[in-house]
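S.K.: Everything below, folded, please.
(3 chains)
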Amino acid sequence: MTSAGLSRRRFLRNASLAGLGAVGSSGFLAACATSANSGPVKQAAGAVTVQSNLSSPEAKKAIEALAQAFGAKGGATATVNTVASETFRTQLPSYLTAATPPDTYTWYPGSLLSGYARKGLLLDVGDVWQTMGDYSAAFRALSGDGAGHQVFVPTSYYWWGFFYRKSNFAKWGVQPPTNWSEFLALCETLKGKGIAPIGLGAGGNTPWTASAWFDYLNIRINGAPFHRELLAGKQRFDDPRVKKIFDPWRQALPYFDPNGTAIAFQDATTVLLQGRTGMVLTGTFFADAAPKDALDDLDFFQFPILDPAVPVAEEGPTDGFFASARTPHVAEVKEWFKYVATAEAQELYIKNSSGTVLPTNPKAKDNGTPLVQKGRKLLTDAKEITQFFNRDSSDALQPTADAALIRFIQKPNELDSILSDWQTAAQKVWQS
Amino acid sequence: MRRTRTFGFHLLAGGLSVLWLLPIALVLTTSVRTFSDIASNGLGALPASFSLDGFGQAWGEGGGGHAMLNSLLVTIPTVLLALLLSSAAAFALSRYRIPLRRTIILVMLAGNLLPPQILLVPVAKLAELLGIYDTLTALIVVQVGFGLGFYTFVLQGFMRSIPDEIQQAALIDGAGVAQIFWRIILPMTRPALAALGALAFTWTFNDLLWSITVLRTGTVMPVTPALLGLQGQYVSNWNVIAAGSVIAAVPTVAVFLRFQKHFISGLAIGAIK
Amino acid sequence: MAVLTAKRPDTAFLAAKRRRRRISPVLLAFVLVPLVVEGFWVFWPALQGFYLALTNWDGVSAPTFVGLGNFAEMFSDDIFKTAAFDTVIWLVLFGGLSAVGGLALATLLQKERRGVGFYRAALFTPVVFSLVATSLIWQVIYQPDGVFNKVLGAIGLGSWQHAWLADPKTALYAVLVPALWRQLGYVMVLYLAGLKGIDPALYEAAKLDGATAWQQFRNVTWPQLRSVNSVVLSVIIIDSLRSFDVIWSMTKGGPYHSSEVLSTYMYATAFQSLRLGYASALAVVIFVLAFGVIVTYLVRAFREDS
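M.R.: All right, here's what the predicted structure looks like:
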């Protein structure tokens, strides 16, 4: 009994010491502790909360610099609250329907936005647009809610292309192609040299990168309007026009990295830089995964034109901000929007981030490197701009694309059943 | 004979331990590489660099001491409160003939059978209703509520096997229910309490789902969800994330090491020969 | 069993005392307070979740009632059938191996001797380590040119090399390994606590009778572990059916649903497809499955005990 008593005393002593320790240290950091424990986190009057999903260190730095510069101008202030992007995505409905929602949010325009707009959750910012000068009509249309109001302020966008290492291409003695047959010939040459010509990073947690292929083949062959209709549920996935785009893909499949569906896109970037693959169809965000010294060695070429009769479209995903309709700080929020839409704000953001994004303000300067100039030209020359699969359709449709496309890459002969399964899954999404 | 058996034991146990720790070792090596090294050579390559920057970055960007404090402010009260309540319930339900006791145990356990993901939205709304949304109190209360069914079930399993004579002797001595609980049964359940305490600490500390659901602002985030925020939208600094995981593992491993002594005390007569 | 005989009152005095103090208010509080806390935070949201299973809801607008429509949809849903089948496989393999493995490890490491604390901590560390980091490392291990394939090649089993997580035939089984790696330490801890409660005198008696290690296990350890077993096995069943984190972080149920289990399918439906009504219906199925398995086992175990 005594030994049990002693040990029990020791156990209880440890537990109470731990408890005392917690209480004691909370006393030390009283400011944090009291604000954490005394009710929900309150925001100072005249402050705008920006709920941000820009969790990569550089993007986070950039947006915090933006908030600081905004506050330094006098008037309203902004506090940035960053959460992981996957968390942000799953919690966004909760944020918007909460009793005290955050004021503004980083997000993307297009159908991802209009769903919430249709339910009246977003603030109308038409008056901010009137002060924004001459943004392109494409951006204005993109930022609408489908009923004539603007609910979004775009601040940056980027492009997609076949990225490669200049030094590697020089080493292999090859040139970027200008049409599809040249592209296939390039692949054949590279394969002969023992290199996997087309890199892919659709494994791990990034199967969505395969959707770029689907998007591009569709807009090259069927045009952007058909592509948008398909993603909005107005066309079927088992339509013969959709089936047609898999023919050129099948021609390119033998040249894909055999491990393409087994590695995540960040690893695919490493493999590209090491010279084990030739080129990867990716967006400029991949540059964040590259070591700094490799950035100057990067170049890209446009996804080859397959049908010259189809108006050229490019993928140019756009990022920006929107606000909750129920925010109590409407005036301050509009101040923030006016600020982020200015050229100086966008230049500040680009300077602090990785530098491969383009500003949406036509007067703002990008970071001037040849790569970025080339990208800007690519997008301004394009007749149509699409946003990327999930941004043009919905986050709910993306997993159906992942399942279908990964299956196609691994088992191209099952195309018919793949497309009919895709149509079934998509219908369930559109009907809910 | 004895020597070969001891050697055999250490070979087997040691071999298993090494195998088990291999992935952890990989995490450790990743945490001391530089980002350029990982980006150029891949995660699976042998390290070509050594740098402790990852730890500094993880500590700074992951919320630092503040997040760690939040974690402790949530975990310690949760474990204490949950174990107190569940041991009380387990005691009553396993040592006394309360009507419907088996049904109550099953009902409490049933609460843990429902996948938590589906309860996220109702619980968030409930927290909002009570005005504790986005506070650590909400997280504590939610974690306690969710652990109760399971902890009660586990503890009653251990408490049932305590012989009845001791309780009867105390009854004869005139002890009340609370005294029997506190002075007799609870000390005898120490191995189970210690085991469950270590596990409860781990689960509460490493919890992601509830933290994301009831908390919104960075300043109240505990360490584990704060580390999740180190992942970028497209690209992540794996060395920083690995370093952050090492930092976050320290308290839980320490607790386990400290508590595992209690798995062995008590009926140790004759065990060491 | 000791508990069995002791529950019958052996003196009239004690019987009278117990009958008189039927349920003291303290006891009532001991039971009711936890029950109320759990009721508020678990049962009330659970009821709401059950209700949602009868609706279509996207998380933002008001839910629309559809009765049993979600359940009807499940019957014709191929992915649901795949997920259900995979869940059964998972239950048998993950559940079975963690029970056997955990008990074996606990038996191995139960005696206090030099180094055993380190070994126990080593086996428990994966339980404790963040899932984000460990799933990343396991993905690296499983990569086509990763550690696992390299080892296979080195020992001459090159033909066994696969893209473990990307090949639909191997994905589910590949995820089993890190899941077990994270689970065994935890089961071991539960069994350790149970083994500590066994009176060493029983082993002494068995050894005097000349029993081998295996006979000791079968005739002393196993029967003594019975009540602990009911707990541990229930825990294992619950964990197997709710296994979500490891599978989701390694494959998200892919490639194209080949490693989908009911819990990952439910999560994907709730937070990717934003069909919270259907997801709630799936959750109800998981719940019924878990409850059915546990209850049949526990009712039998309880009946044996009294």
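
S.K.: Tell me the spacing between A:Trp430 and A:Gly233.
M.R.: 4 Å (CB to CB, to the nearest Å). Using the backbone N, CA and C atoms, a C-beta is placed for each residue, glycine as well.

S.K.: quick one, which of those two is more surrounded?
M.R.: Taking other CB atoms under 10 Å in any protein chain shown, A:Trp430 and A:Gly233 do not tie; A:Gly233 has more neighbours (16 against 13).

S.K.: show me the contacts for the more buried one.
M.R.: A:Ser393, A:Ala426, A:Trp430 (CB atoms under 8 Å, 6 or more residues apart in numbering or on different chains).

S.K.: can you check B:Gln231 too?
M.R.: A:Ser55, A:Ser56, A:Ala84, A:Ser85, A:Glu86, B:Ile241, C:Val132.

S.K.: okay, residue 34: pLDDT?
M.R.: Picked chain A for this. On pLDDT, A:Thr34 comes in at 28.

S.K.: Chain B is the one I meant
M.R.: B:Thr34 carries a pLDDT value of 91.

S.K.: How about the residues of the stretch 201-306 of chain C by chain A?
M.R.: Proximity of the stretch 201-306 of chain C to chain A is confined to C:249, C:252, C:254-257, C:268, C:271-275, C:277-278 under the rule CB under 8 Å from any CB of the partner chain.

S.K.: among those, which two are most distant?
M.R.: The distance between the two most remote of these (CB to CB) is 27.2 Å, for C:Pro255 and C:Gly277.

S.K.: tell me which element A:Val48 falls in.
M.R.: In the assignment (DSSP states H and E), A:Val48 maps to strand A:47-52.

S.K.: Can you pull out the residues in contact with that strand?
M.R.: Strand A:47-52 is contacted by residues A:43, A:60, A:63, A:67, A:76-83, A:88, A:95, A:102-106, A:321, A:329, A:332-333, A:335-336, B:216 when judged by CB under 8 Å, 6+ apart.

S.K.: do the same with stretch B:18-33
M.R.: B:38, B:43, B:47-52, B:54-55, B:238-239, B:242-243, B:245-246, C:122-123, C:125-126, C:129, C:133-134, C:137-138, C:140-141, C:178, C:181, C:185.

S.K.: circling back to that earlier point, quick check: can you name the pairing partners of the strand holding A:Val48 and their directions?
M.R.: The strands beside strand A:47-52 in its sheet (DSSP bridges) come out as strand A:77-82 (parallel), strand A:104-107 (parallel).

S.K.: So which of the residues of the stretch 201-306 of chain C next to chain A sits lowest on pLDDT?
M.R.: Least confident by pLDDT among those: that is C:Gly254, with 78.

S.K.: can you pull the contacts of it?
M.R.: Residues near C:Gly254 by CB under 8 Å, 6+ apart: A:Pro207, A:Asp402, A:Ala403, A:Ile406, C:Ala171, C:Glu260.

S.K.: And B:Trp238, by the same measure?
M.R.: A:Gln266, B:Thr30, B:Phe35, B:Ile38, B:Leu43, C:Leu136.

S.K.: what would the residues you listed look like in TSV with neighbour count?
M.R.: Below are the contacts of B:Trp238 laid out as TSV (neighbours: other CB atoms under 10 Å in any protein chain shown):
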residue	neighbour count
A:Gln266	25
B:Thr30	26
B:Phe35	23
B:Ile38	26
B:Leu43	25
C:Leu136	27
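
S.K.: can you put the residues you listed in JSON lines and add distance to C:Asn56 and secondary structure?
M.R.: Below are the contacts of B:Trp238 laid out as JSON lines (distance: CB to CB, whole Å; DSSP: H, G, I helix; E, B strand; the rest coil):
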{"residue": "A:Gln266", "distance to C:Asn56": "37", "secondary structure": "helix"}
{"residue": "B:Thr30", "distance to C:Asn56": "44", "secondary structure": "helix"}
{"residue": "B:Phe35", "distance to C:Asn56": "45", "secondary structure": "helix"}
{"residue": "B:Ile38", "distance to C:Asn56": "45", "secondary structure": "helix"}
{"residue": "B:Leu43", "distance to C:Asn56": "42", "secondary structure": "coil"}
{"residue": "C:Leu136", "distance to C:Asn56": "36", "secondary structure": "helix"}
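
S.K.: what's in contact with stretch A:71-87?
M.R.: So stretch A:71-87 is in contact with A:43-44, A:46-55, A:60, A:63-64, A:66-67, A:70, A:91, A:102, A:329, A:331-332, A:335-336, A:339, B:212, B:216-218, B:225, B:228-233, going by CB under 8 Å, 6+ apart.

S.K.: make it 7 Å
M.R.: Contacts to stretch A:71-87, defined as CB atoms under 7 Å, 6 or more residues apart in numbering or on different chains, come from residues A:43, A:46-55, A:60, A:63-64, A:67, A:70, A:102, A:332, A:335-336, B:212, B:217-218, B:228-229, B:231, B:233.

S.K.: same thing with stretch C:279-293?
M.R.: Contacts of stretch C:279-293 (CB under 7 Å, 6+ apart): B:110, B:113-115, B:118, C:49-50, C:52-53, C:70-71, C:74, C:237-238, C:241, C:262-263, C:265-266, C:269-270.

S.K.: Below-threshold pLDDT in chain A: ranges please.
M.R.: Scanning chain A with the threshold set as pLDDT under 70 gives A:1-45.

S.K.: residues from it in reach of chain C?
M.R.: When proximity is defined as CB under 7 Å from any CB of the partner chain, chain A approaches chain C at A:90, A:93, A:96-97, A:116, A:119, A:203-205, A:207, A:259, A:261-263, A:395-396, A:399, A:403, A:406-407, A:429, A:432.

S.K.: Right, I'll call it a day here.
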